[in-house]
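[1] Dropping a prediction and its sequence here:
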Amino acid sequence: LAKYKGKIEEAVQNAKKELVGIKKQPMKPPPQIKPRNFWVRLWLKEIGLPNLAEKFIMQGLCHYDDVVTDPIITDEQLDKVVQVKKLGERRKIQRAIQAILDGGEDGLKYVYRGNKKSKTMFKLAKLFDDSVAWLEAKEKEANATS
């Protein structure tokens, strides 16, 4: 109002022009976030269940140790917690986990059926995930001490 020295009507009209007449800038689309290649994503893809990867990741089952260590995921947990509703899919996951446990290293013979290129990619992904988990643990440890 001080700008128009008491001319309220003129001030209101100019304010409308200044506020309503602003040209809107087009918003830039948000940057694409690439999903991380967690071990579980690669593993589920190899056993033919890539559609379940997000369900596992949402429950914090991302790395080899999250899925293949004691206590083993039960049928009930797969159904009620991870939301794998199809019995056949739950049984396939349980067989694949058991094969990994029985096969020693990573169960790569079962998962990859001898495919050397996939086996190498799988090992690199596991190494990457293990490195990320180690770095995250070190960062939490550093934050806790400071």
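    That came in fine, so what should we check first?
[2] and stretch 94-102, average pLDDT?
    Mean pLDDT, stretch 94-102: 84.
[3] which parts of that stretch are buried?
    96, 97, 100 (16 or more other C-beta atoms under 10 Å). Glycine gets a C-beta too; all of them are placed from N, C-alpha and C.
[4] what about the strands in this protein?
    Read by DSSP state E, the chain holds no strands at all.
[5] which stretches of this structure have low pLDDT?
    For the chain, the stretches with pLDDT under 70 are 1-6, 21-22, 30-37, 103-126, 146.
[6] switch to 50 and redo it
    Applying pLDDT under 50 to the chain flags residues 1, 105-116.
[7] Roughly how far does the residue nearest to the spatial centre of it sit from residue 92?
    Central residue of the chain (C-alpha atoms, centre = their mean): residue 57, 5.3 Å from the mean position. Computed as C-beta to C-beta, to the nearest Å, the residue 57 to residue 92 distance reads 18 Å.
[8] try residue 142
    On the measure of C-beta to C-beta, residue 142 and residue 92 end up 40 Å apart.
[9] Same drill for these two, tell me which one is more crowded.
    Shown here are residue 142 and residue 92; by other C-beta atoms under 10 Å, residue 92 has more neighbours (17 against 9).
[10] Run through the residues that contact the more buried one.
    Residue 92 makes contacts with 47, 48, 49, as judged by C-beta atoms under 8 Å, 6 or more residues apart in numbering.
[11] Adding neighbour count and distance to residue 16, write these out as TSV.
    Formatted as TSV, those follow (neighbours: other C-beta atoms under 10 Å; distance: C-beta to C-beta, whole Å):
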residue	neighbour count	distance to residue 16
47	18	63
48	10	62
49	19	59
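[12] Alright, I will stop here.
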